[in-house]
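# just a sequence and a predicted model for now, questions to come.
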Amino acid sequence: MNYLQTIKSIASNKEKRVENLILVIVLLVIILVASKFIFSNSDTKNDMSSNSTTSTDNINSSEESNKTSTSSNELENKLETILSQISGISDVSVVLTYSQDTKQNPVYNTKEQENSGQKTTEKSVAYNEEGSKKTAIIETVEMPKIEGAIIVAKGASTVEIKSKIATAVSSLTDVPVYKIQVFEKQG
């Protein structure tokens with residue numbers, strides 16, 4: 001008996017039609033789940049080498065984002081320190097806002113091929129390998145652009161002191177004075 005005749009006999013038996021249909025659906029679901037599990041495991045094993053570079057890139061980018069947040073915190077801390085040295089100002093808090101994150105521009109290996117009059121270009125990121133660690137070669141790093149600042153300080157009650165603070169922050173960060181807000185800290 002072939003498969004087509006088996007399916008026809010299952011469909012023609014009205015008494016067990018619903019039971020057989022449910023059985024077929026359950027079997028199909030089990031086969032789909034099993035095949036997805038089997039193929040995802042084999043894909044994972046086959047892609048381990050290609051994924052290792054991706055995971056290395058993710059680690060490197062997370063390290064760089066940590067460096068970026070550290071450098072922005074360092075700038076805020078430096079501003080707080082220098083502003084607190086202005087006469088009449090103490091207990092300074094600074095918050096800077098940025099328009100974008102740090103952007104890294106990697107070096108690319110470029111391979112050009114010409115087949116049948118058509119040029120194809122393939123670009124891939126260049127890496128340094130140190131043992132089992134791969135790091136992308138970075139050509140340039142674009143620091144984030146500061147968009148504005150809020151400064152809260154004790155003693156920033158007069159227009160003259162607020163102006164001194166805004167001018168100092170503007171000259172250091174290259175942010176226009178109108179994008180810098182200075183407030184007096186309570187207490």
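Arrived safely, thanks for sending.

# domain assignment for the protein?
14-46, 105-139 (automatic domain parsing).

# quick one: closest of the ones you listed to residue 94.
domain 105-139 (28.6 Å; Cβ to Cβ). Every C-beta, even on glycine, is put in place using the N, C-alpha and C of the backbone.

# pull out the buried residues from the closest one.
Neighbour counts over domain 105-139 (16 or more other Cβ atoms under 10 Å) mark 106, 127, 134, 136 as buried.

# surely the last one and residue 106 touch.
Yes: because the distance of 4.7 Å satisfies Cβ atoms under 8 Å, residue 136 is recorded as touching residue 106.

# joint contacts of the two?
With contacts taken as Cβ atoms under 8 Å, 6 or more residues apart in numbering, residue 136 and residue 106 have 125, 126 as neighbours in common.

# just to revisit the earlier point, and which of the buried residues of domain 105-139 is nearest residue 148?
residue 106 (30.0 Å).

# where along this structure do the helices fall?
For the chain, the helices defined by DSSP state H occupy 3-12, 17-46, 48-83, 159-173.

# show the contacting residues for residue 99.
144, 145, 146, 147.

# how near is it to residue 39?
43 Å (Cβ to Cβ, to the nearest Å).

# next one: residue 170
Counting by Cβ to Cβ, the gap from residue 170 to residue 39 is 59 Å.

# more crowded one of the two?
residue 170 (16 against 10; other Cβ atoms under 10 Å).

# not counting sequence-adjacent ones, nearest residue to the more buried one?
Distance criterion Cβ to Cβ, 6 or more residues apart in numbering; nearest residue to residue 170, sequence neighbours excluded, is residue 177 at 4.8 Å.

# quick revisit: identify whichever of the domains of the chain lies nearest to residue 164.
So among the domains of the chain, domain 105-139 is nearest, using Cβ to Cβ, at 37.8 Å.

# just the terminal-to-terminal distance for the closest one.
Domain 105-139 has its terminal residues 6 Å apart, counting by Cα to Cα, to the nearest Å.
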